[in-house]
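Asks: below is the sequence, then the predicted model.
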Amino acid sequence: MGVAAWLRGLGLEQYTTAFRDNDVDGEVLPELTADDLITIGVTSVGHRRKLLAAIAALKSETASTVAADASSPTLASVSAARSPDAERRQLTVMFCDLVGSTALSAQLDPEELSTVLAIFQKACVSAVTEFGGSVAKYMGDGALVYFGYPEAHEDDAERAVRAGLALIDAMTAMQLSVSLRPQVRVGIATGLVVVGELIGEGSAQERVAVGETLNLAARIQAVASPDSVVVPELTHRLAGAAFDYEDLGLHELKGIPDAARLWRVAGESTARGRFDSRVVGGLTPLVGRAEEIALLRRRWDHAKDGDGQLILLTAPAGFGKSRMTKAFRDNLDDPSIICLQYFGSPFHVNSAFYPFIRQLEWAAGIVRTDTGPQKLDKLEAVLEGSGEGGTEAAALVADLLSIPFGERYPPLQLTEAVQKTTDHGGAGRATRSTLTAGCSAGSFRGHALDRSNVHRVDGQDYSQSGGPARNDHCDLSA
């Protein structure tokens, strides 16, 4: 406020010229004393008292404003006070929600509803922890999940999608006393956040992530159909070709500035192994591996003559082990050669027979959306083609693949003594059936067996398939 206006508000505008002539401005005004007013020319005692009271009020108002400004948080002060544990990082966020919980609450007793929610939460934490994620918060009939915090992985987007599919499968298998089956919808998004900030007080304290990524995941979950996993463009790109997708097109999401292109995850793709699932834009020519390829070729020639061979390729991650074995297979260029591929997986390190299970699923064409009877039909077809037909072989392999067969086959009779015999019981016989089934394409002059990522496999499964008489060790990092 100007000095002239201030004087006019007091009804003493006659002193405006005197104040101006003595260079009294808004900065000097609060410092005026009674002697200063006399010098300026305010001779009236009443006017001086009135001015001094107004100056005192002006000082008090200025002090309050300064104190308020000092106590108001600024961006710099908030940043300085931020918890040292908070960090900026890329995070994959998953929102999952139990569909139809309102209808369930109308049909179930509160205790029964509480049991359903507990089963959902247990299935959620089981699926999430299996793939290296962490449940950040339960929100009634939903859950907020992080992949990439507190522990980060190179494939967090893929892990989140796999966890979402596993959760849907677990809820589909749930048996309830009511006819309404609980369904789940999952929204996943990947992006930059600030995570680890500790907010709240006392028992309400929690570490949260802040950023648009959380809002995007929540909005995607809201538009997802029941029993589906939906992802945006970045998550779709990071997950690679490990899954098959249905393009849902562009969607306007509330609170998101631009239209988001969304995909529904249909299931795992037919890509075999992590290498194939990440090759989206094609491969560059292989350079500088002629000697190693020649070694593989020589050993292959020995194998065709009946002298079994084993070659161990070792090198740090990224040196091109998978790329070289692919180049070798491509160079064989003979359709009569059968190549059986067995892959270890970072998601199944505790499953000794996972490589055999996955290879047999590929051979039989079994997919996650198949019903139990459909899976058994495909399994029987591939076993018949391999000459390993019969109810015992089918029951053994079905048990290995965790496919319930009910009364379709006689119960397995595997005692502890049988399991300890040299053929390793049902697991060993089932493994031999998978090896034979993998070679069911008819007559051939030889076959190659490719076992990749063996460092991710429980050592028990090596004893089931035997080994060749001769071996070579090729260290690509040497």
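Replies: Perfect, thanks for sending it.

Asks: use CA for all of it now, contacts and neighbours both
Replies: Noted.

Asks: the strands in the stretch 1-150 of the chain, which residues?
Replies: For the stretch 1-150 of the chain, strands defined by DSSP state E, counting those that start in this stretch occupy the ranges 87-99, 134-139, 142-147.

Asks: ignore the last one, the stretch 151-300 of the chain
Replies: 183-199, 206-210, 228-232, 243-251, 260-268.

Asks: and the strands of the stretch 1-150 of the chain as JSON lines, adding mean pLDDT?
Replies: Supplementary listing: the strands of the stretch 1-150 of the chain in JSON lines, determined by pLDDT from 0 to 100:
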{"stretch": "strand 87-99", "mean pLDDT": "92"}
{"stretch": "strand 134-139", "mean pLDDT": "90"}
{"stretch": "strand 142-147", "mean pLDDT": "93"}
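
Asks: that older thread, deepest-packed of the strands of the stretch 151-300 of the chain, please.
Replies: strand 228-232 (a mean of 26; mean count of other Cα atoms under 10 Å).

Asks: could the strands of the stretch 1-150 of the chain go into JSON lines alongside distance to Ala163?
Replies: Converted to JSON lines, the strands of the stretch 1-150 of the chain look like this (distance: least, Cα to Cα, whole Å):
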{"stretch": "strand 87-99", "distance to Ala163": "9"}
{"stretch": "strand 134-139", "distance to Ala163": "11"}
{"stretch": "strand 142-147", "distance to Ala163": "10"}
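
Asks: I'd guessed Lys59 sits against Pro30; true?
Replies: Yes - Lys59 is within contact range of Pro30, at 5.8 Å (criterion: Cα atoms under 8 Å).

Asks: hmm, which helix or strand of the chain has the shakiest average pLDDT?
Replies: One helix or strand of the chain scores below all others by mean pLDDT, DSSP states H and E: helix 462-465, with a mean of 44.

Asks: nearest to Ile256, of the strands of the stretch 1-150 of the chain?
Replies: For those, the distance to Ile256 is smallest for strand 87-99, at 15.8 Å, taking Cα to Cα.

Asks: list the neighbouring strands of the closest one plus their orientation.
Replies: Strand 87-99 sits in its sheet next to strand 142-147 (antiparallel), strand 183-199 (antiparallel), going by DSSP bridges.

Asks: next, the angle strand 228-232 makes with it.
Replies: For strand 87-99 and strand 228-232, the angle between their directions (axes from the mean of the first three to the mean of the last three Cα atoms, to 10 degrees) works out to 150 degrees.

Asks: give me the buried positions along strand 87-99.
Replies: For strand 87-99, burial by neighbour count (16 or more other Cα atoms under 10 Å) applies to 90-99.

Asks: pLDDT weak spots in the stretch 51-200 of the chain?
Replies: 62-84, 176-179, 197-200 (pLDDT under 70).

Asks: repeat the analysis, applying 50 as the threshold.
Replies: Counting by pLDDT under 50, the stretch 51-200 of the chain shows low-confidence ranges at 75, 77-78, 80-81.

Asks: can you show me the helices along the stretch 201-350 of the chain?
Replies: For the stretch 201-350 of the chain, helices defined by DSSP state H, counting those that start in this stretch occupy the ranges 212-223, 233-239, 273-278, 290-304, 321-332.

Asks: could the ones you listed be laid out in CSV, adding distance to Gly406 and mean pLDDT?
Replies: As requested, those are exported to CSV (distance: least, Cα to Cα, whole Å; pLDDT from 0 to 100):
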stretch, distance to Gly406, mean pLDDT
helix 212-223, 36, 93
helix 233-239, 36, 92
helix 273-278, 32, 70
helix 290-304, 43, 87
helix 321-332, 40, 84
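
Asks: pick the most deeply packed of those.
Replies: Highest mean neighbour count of the helices of the stretch 201-350 of the chain: helix 212-223, a mean of 21 (counted as mean count of other Cα under 10 Å).

Asks: nice, that's everything, thank you.
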